[in-house]
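*Asks:* How does the following fold in three dimensions:
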Amino acid sequence: MSFTFSNDLFSDFHKDVYGYRPRDHRFYAECDEEKQSIWDELGLTFKENQKAERIAEFKAIENLETAIQGIINLGAEDRSVALRWMTQNETFCHSQDVEHWVWDQGVLFTDYGKVLLKELLEVVTYKQIGCLPSKPHNGLPSDNV
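*Replies:* Residues are numbered from 1 along each chain as shown. Purely as a prediction, here's the structure:
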């Protein structure tokens with residue numbers, strides 16, 4: 001029998017699949033045949049997780065596009081105006097805040113999300129009130145923020 005598992009990568013693979021590293025997992029004590037069985041099961045679960053992530057991303061894109069179109073139907077002149085209206089109540093102090101908004105929509109790590117982020121960076125309003133300065137003096141936030 002040919003084995004494809006890796007003792008060195010099992011912890012990483014487990015973390016990719018379940019989101020945490022295994023503690024005292026039986027994998028390390030098993031014979032090679034059982035290790036391969038556990039490894040193969042992880043692989044199947046990994047593929048299922050990837051499929052579920054793609055479905056969730058697709059639904060998130062669909063929902064976001066529906067919301068944008070709905071705002072355009074309510075009177076926004078175009079997509080840029082709709083995006084500005086969608087984000088007008090958000091507090092953006094930095095481009096990372098915009099990235100977080102896109103992440104919160106469930107699309108940041110998609111091609112769509114990258115394009116959306118570029119669009120948003122052009123239309124959002126950055127606010128200084130309530131935001132910490134990007135480079136605080138002496139490493140501490142100023143008192144007048």
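
*Asks:* could you point out the longest helix in the protein?
*Replies:* Across the chain, the longest stretch assigned as helix under DSSP state H is helix 32-73.

*Asks:* what's that helix packed up against?
*Replies:* Helix 32-73 sits against helix 10-18, helix 79-87, with contacts defined as 3 or more C-beta pairs under 8 Å, 6 or more residues apart in numbering; DSSP states H and E. C-beta coordinates here come from the backbone N, C-alpha and C atoms, glycine included.

*Asks:* can you state the direction angle for that helix and helix 10-18?
*Replies:* Counting by axes from the mean of the first three to the mean of the last three C-alpha atoms, to 10 degrees, helix 32-73 points 40 degrees away from the direction of helix 10-18.

*Asks:* Using a markdown table, lay out the helices and strands packed on helix 32-73 together with mean neighbour count.
*Replies:* Listed next are these as a markdown table, based on neighbours: other C-beta atoms under 10 Å:
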| stretch | mean neighbour count |
| --- | --- |
| helix 10-18 | 16 |
| helix 79-87 | 17 |
